[in-house]
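1. What follows is a protein structure lacking sequence information:
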C-alpha cells in the first residue's frame, strides 16, 4: 500500500531545497527533464499504447481517448512545453511592491514558492510533464495523482522527469506520482494538509466537486468549461460561422471548447442555418430549443433538455438556443455558465462593451474563438490549468500564479 505520509515528507524536504535554487539550476533541471522525455520516448509510447488498448476495451469516449493518446509529436510537444517554461522569467524573488515607512523601515513584498503542490487530474498524461515543469520553475515540489486510464503513461513520464532531476543533482522527490489510483487514496491525499500547501484538481465536474467538497487543503478550482458563443443582432455571418465552428470543433475535448450557441432572434433566420450547416458538416450533433428546431426543421435537430444547458459535453455535441436580446444571452450565461470563457460575435461596439462588462467569466472574447483561453496562447508558457474562482488567481495559471508573497522588512533597530 502506498505510504502517502512518506511521499508528503519527501516532497516537503525537496521543496525546501527547491526554494533556495537559482534560476540557472532550475532551468538546467528543466532542460534535463525535457531531454529525458525525448530519450525515453519509446518507453513512454509503449506504456501509452497499453493504456489506449485498455481504454478502448472499456469503451472510453472518442474525446477522452484523444486526451489520453500520445504520439511521437505530442511527446515532442511536451518536451517543447518544458523548454518554453525555461524561457520564461522566474517569478521567485520578484519584488511586487514596497515602500519606506515613516520611521525609516523598508517594507518589500516579494514572490516566494507555495511549497508543495498536489495535483489530481484525469486521463491527460501531458498534464504530468506540464505540471511538474511549472511547479519546479516556481520553486515548488509536486505530488501528482493522475487517472487510472493513464497510469502506465504517467509512470513512464514521471520516471523520465525524475531521471532528469537526478542527473542535475536535484532531489527526484521534487516530482512524485501516486500510483494508487483508488478513490480511498485520493480521499486521503485531500487530507494531507501538513504536507501539501495547495491542491489543484484538473478534470470533469465530478472530480472538481469532490476535491472542493472533501479537501482540507486550500484548493485552486480549475473549473469545467461550459463556454458559450453568442451571435448578436449585428453579427457578421462569415465570422459567426468560422468562430463558432472553430470554438466547437478544433478540439472539442478541452475545457475552452464552446458547448452552447446562443443566437439573437433578429439574425437567427439568416445566420443560424449557415452556422448549423458548418457544425453538422464537421460532425457535430445539435440539440436545440423549440425555435431552433423550427428554423432547422430540415436538419432533424434533437430537442434540448434542461440538462443540456448545464453539460460540458467534451464531445461533438452542441446545444443551441435562440434568445430575444443581448440581456437574455447574458442572463442565460449567468445561470448556466461555469465562469470559464464566453464569446460574443458582433459589429456593435456598444453590444461588445455591454457583454464584456456584464458577463462574469475568467475570459471574455469579442469576435474571437474561446479556444484561445490557454496559458501558452496568452504568452505564459505551459499552464497548470484555468482557474474559474476569484481567489487566489483567475484564468490561465502560469508561473506567477504558482507563487505566494511574503514581506521583508529591514531597518536599523526600529522599535514600536
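-> Thanks, I have the structure now. Predicted model only: the values in this text are computed from it and were never measured.
2. how about the helices in the chain?
-> All helices of the chain, identified by DSSP state H, fall at 4-18, 23-39, 41-57, 62-68, 72-87, 126-137, 151-167, 183-189, 205-214, 237-249, 265-281, 290-295, 326-336, 349-358.
3. which of those helices has the lowest average pLDDT?
-> If these are sorted by mean pLDDT, helix 62-68 sits at the bottom with a mean of 84.
4. counting contacts, what elements does that one pack onto?
-> In terms of contacts (3 or more CB pairs under 8 Å, 6 or more residues apart in numbering; DSSP states H and E), helix 62-68 is packed against helix 41-57. Bear in mind the C-beta positions are built from the backbone N, C-alpha and C, glycine included.
5. quick check, distance from the helix it packs on to the centre of its chain.
-> Mean C-alpha position of helix 41-57 versus that of the full chain (CA atoms, centre = their mean, to the nearest Å) differs by 23 Å.
6. next one: stretch 176-196
-> Put simply, stretch 176-196 sits 20 Å off its chain's centre (CA atoms, centre = their mean).
7. what does that stretch contact?
-> 1-2, 4-5, 7-12, 116-118, 120, 128, 141-148, 151, 154-155, 158, 199, 210-211, 214-217 (CB atoms under 8 Å, 6 or more residues apart in numbering).
8. can I assume residue 150 is in contact with residue 124?
-> Yes. Here residue 150 reaches residue 124: they are 7.0 Å apart, a contact under CB atoms under 8 Å.
9. which one of those two has more residues nearby?
-> residue 150 (28 against 22; other CB atoms under 10 Å).
10. ok, the spatially closest residue to residue 124 that is not a sequence neighbour to residue 173 distance?
-> Of all residues not flanking residue 124 in the chain, residue 67 sits nearest, at 4.8 Å (CB to CB, 6 or more residues apart in numbering). Separation of residue 67 from residue 173 (CB to CB, to the nearest Å): 28 Å.
11. Show me how the record splits the protein into domains.
-> Domains of the chain are assigned by automatic domain parsing as 4-222+397-410, 227-372.
12. quick one on the thing from earlier: figure out which of the helices of the chain is closest to residue 107.
-> Nearest of these to residue 107, taken as CB to CB: helix 23-39 at 24.8 Å.
13. buried set for that closest one?
-> 26, 27, 28, 29, 30, 31, 32, 33, 34, 35, 36, 37 (16 or more other CB atoms under 10 Å).
14. which other helices and strands contact that helix?
-> If you count contacts as 3+ CB pairs under 8 Å, 6+ apart, helix 23-39 packs onto helix 72-87, helix 126-137, helix 151-167.
15. Residues contacting the last one, please?
-> Outside helix 151-167, the residues that touch it by CB under 8 Å, 6+ apart are 29-37, 39-40, 43-44, 46-48, 50-51, 68, 70, 78, 125, 128-129, 132, 144, 146, 171-172, 174-177, 179, 181.
16. in that helix, what's buried?
-> For helix 151-167, burial by neighbour count (16+ other CB under 10 Å) applies to 151-165.
17. same deal with the first one?
-> Neighbour counts over helix 72-87 (16+ other CB under 10 Å) mark 75, 78, 79, 80, 81, 82, 83, 84, 85, 86 as buried.
18. Just give me the closest of the residues you listed to residue 99.
-> Distance to residue 99, by CB to CB, is smallest for residue 85 among these, at 32.2 Å.
19. circling back: got any residues that touch both of residue 150 and residue 124?
-> Common neighbours of residue 150 and residue 124, counting by CB under 8 Å, 6+ apart, are residue 68.
20. Below-threshold pLDDT in the stretch 301-416 of the chain: ranges please.
-> For the stretch 301-416 of the chain, applying pLDDT under 70 flags the ranges 381-382.
21. next one: stretch 358-373 to chain centre, how far?
-> For stretch 358-373, the distance to the chain centre is 15 Å (CA atoms, centre = their mean).
22. which other residues reach it?
-> 227, 229, 239, 243, 246-247, 250-251, 254-258, 327, 330, 333-334, 337, 339-346, 352, 355-356, 378, 386-388, 394-396.
23. The same query, at a cut-off of 7 Å, please.
-> Residues outside stretch 358-373 that contact it (CB atoms under 7 Å, 6 or more residues apart in numbering): 227, 229, 239, 243, 246-247, 250, 256-258, 330, 333-334, 337, 339-345, 352, 356, 386-388, 394-396.
24. same question, stretch 202-219
-> By CB under 7 Å, 6+ apart, the surrounding residues in contact with stretch 202-219 are 118-122, 127, 187, 190-193, 196, 198-199, 201, 221-224, 312, 385.
25. Would you mind listing which of those residues are buried?
-> Buried among the contacts of stretch 202-219 (16+ other CB under 10 Å): 118-122, 127, 190, 192, 196, 198-199, 201, 221-224, 312, 385.
26. Run through who's touching stretch 81-101.
-> By CB under 7 Å, 6+ apart, the residues outside stretch 81-101 that reach it are 23, 26-27, 30-31, 33-34, 106-113, 129-130, 133-134, 137-139, 376, 381-382, 399-400, 403, 405.
27. Next one: the closest residue to residue 156 other than its chain neighbours relative to residue 75, how far apart?
-> Leaving aside its chain neighbours, residue 156 sits nearest to residue 47 (4.0 Å; criterion: CB to CB, 6+ apart). Distance, residue 47 to residue 75, by CB to CB: 11 Å.
28. Can you give me every residue that contacts residue 31?
-> Residues counted as contacts of residue 31 (CB under 7 Å, 6+ apart) are residue 86.
29. Compute the distance between it and residue 130, please.
-> Distance from residue 31 to residue 130, by CB to CB: 16 Å.
30. Give the PyMOL command for selecting the buried subset of the contacts of stretch 81-101.
-> This is how PyMOL selects the buried members of those, with burial counted by 16+ other CB under 10 Å:
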select buried, resi 26+27+30+31+33+34+110+111+112+113+129+130+133+134+137+138+139+376+381+382+399+400+403
